[in-house]
Structures are given as C-alpha cells and as structure tokens.
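Asks: Provided below are the primary sequence and the corresponding predicted coordinates.
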Amino acid sequence: MLVFVPVTKAELAQLRGGARLEMCSGFAATPPMLAAFGFTDDAGEEAEYTSLNIAGLAGWLTNGERIVVVAEVEANGSADPFGAVMIPKLSYETVTCVFATARKDKKPAKSLVEGGLAQAWEDETAQELTCSNPLLWYGSNETIELSA
C-alpha cells in the first residue's frame with residue numbers, strides 16, 4: 001500500500017540514518033477515504049495527491065511543518081474518512097520519495113490545531129497554505145535542504 005507519512009525533520013534524519021519508526025500514522029487512499037472524497041476505485045494519482053495533501057496538513061497541525069515521506073508498506077487501515085492508517089514499522093528502504101515545502105510554514109493557529117484535521121481541511125488559511133507554499137518532490141536519495 002502506498003502510504004503518505006508526515007514526519008519531523010528529526011524523524012526524517014533518523015530514517016535516513018538507518019533507524020526505523022514504529023507504530024507511526026500515515027494516510028492512504030483507503031476505501032473509506034475514496035468514498036468520503038467521491039473517488040472511484042480507479043482514481044489513482046488524484047486520490048494519492050489528496051492523501052499527500054492530507055498528510056501534509058496533518059504534519060502541519062501536529063509538528064508545525066509539512067514533510068511527508070511516501071512509502072510502499074503494509075499498513076493497518078481504519079474507517080477514517082481521511083484514510084488514516086497505522087504502520088507497524090517504517091524504514092527508509094521502503095521510502096520511494098519525500099515531499100517538503102521550499103520555505104518554512106508559519107505555525108497553525110491554536111484553534112485550528114484544536115479543531116483537528118476535519119476542521120483544518122475546510123479552513124481557508126490551511127487551503128491558502130497548500131496553494132501558496134506547495135509540497136515539492138524529492139527522490140529518496142536526494143539531499144534535501146529543509147528550512148530551519
């Protein structure tokens with residue numbers, strides 16, 4: 001399953017250094033997510049792009065930064081409409097690419113963090129952030145210069 005996992009700079013460095021992350025959460029184009037967003041089973045890249053943006057938003061709410069690793073892993077799904085999944089073990093060998101912003105995002109408002117992913121998904125501030133500072137693609141073997 002292709003899973004989009006929000007990580008911190010420190011977690012990305014740990015993964016790249018050979019460490020494994022255990023029981024981490026990610027997002028995938030699961031059947032409940034496809035249904036919630038009105039996708040068909042063959043939505044493919046469109047559903048994956050939505051999962052990427054969901055993971056980026058979740059990372060921003062949780063960590064204050066949008067860094068997402070994309071991995072081909074086994075994951076335990078749920079009925080979550082955003083496609084939340086749990087990954088028992090994540091290693092960098094399973095990472096196909098990394099997405100990160102070119103410049104640092106401003107921190108989300110406390111009310112947005114407290115409102116959770118569903119509220120933030122509909123919020124104009126979060127939507128503007130996604131449009132004005134998009135996630136950029138990096139190959140898994142590329143050196144990534146992340147803003148401080």
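Replies: Now that the structure is in, tell me what you want to look at.
Asks: so where's this structure uncertain?
Replies: By pLDDT under 70, the low-scoring segments of the chain are 143, 145-148.
Asks: Can you show me the helices along it?
Replies: All helices of the chain, identified by DSSP state H, fall at 9-16, 31-36, 45-63, 110-122, 124-132.
Asks: Buried deepest among those helices, which one?
Replies: A comparison of those by mean neighbour count, using mean count of other Cβ atoms under 10 Å, puts helix 45-63 on top with a mean of 20. In this view, the C-beta of every residue, glycine as well, is placed from N, C-alpha and C.
Asks: which residues touch it?
Replies: Contact with helix 45-63 is made by 2, 4-8, 25-29, 33-34, 37, 39, 65-68, 70, 82-83, 99, 105, 108, 112-113, 116-117, 120-121, 126, 129-130, 135, as judged by Cβ atoms under 8 Å, 6 or more residues apart in numbering.
Asks: do you know which of the helices of the chain lies nearest Leu90?
Replies: Nearest of the helices of the chain to Leu90, taken as Cβ to Cβ: helix 9-16 at 7.0 Å.
Asks: re the thing from before, Tyr92 is nearest to which of the helices of the chain?
Replies: Tyr92 lies closest to helix 9-16 among the helices of the chain, at 4.4 Å (Cβ to Cβ).
Asks: Just the CA trace of the closest one, in CSV.
Replies: Extracted in CSV, the C-alpha atoms of helix 9-16 (Å, rounded to 0.1, in the frame of the first residue of the first chain):
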residue,chain,number,x,y,z
LYS,A,9,13.0,16.9,10.3
ALA,A,10,14.5,14.8,13.2
GLU,A,11,12.4,11.7,12.2
LEU,A,12,13.5,12.1,8.5
ALA,A,13,17.1,12.3,9.6
GLN,A,14,16.7,9.2,11.8
LEU,A,15,15.1,7.3,8.9
ARG,A,16,17.8,8.3,6.5
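Asks: Right, I'll call it a day here.
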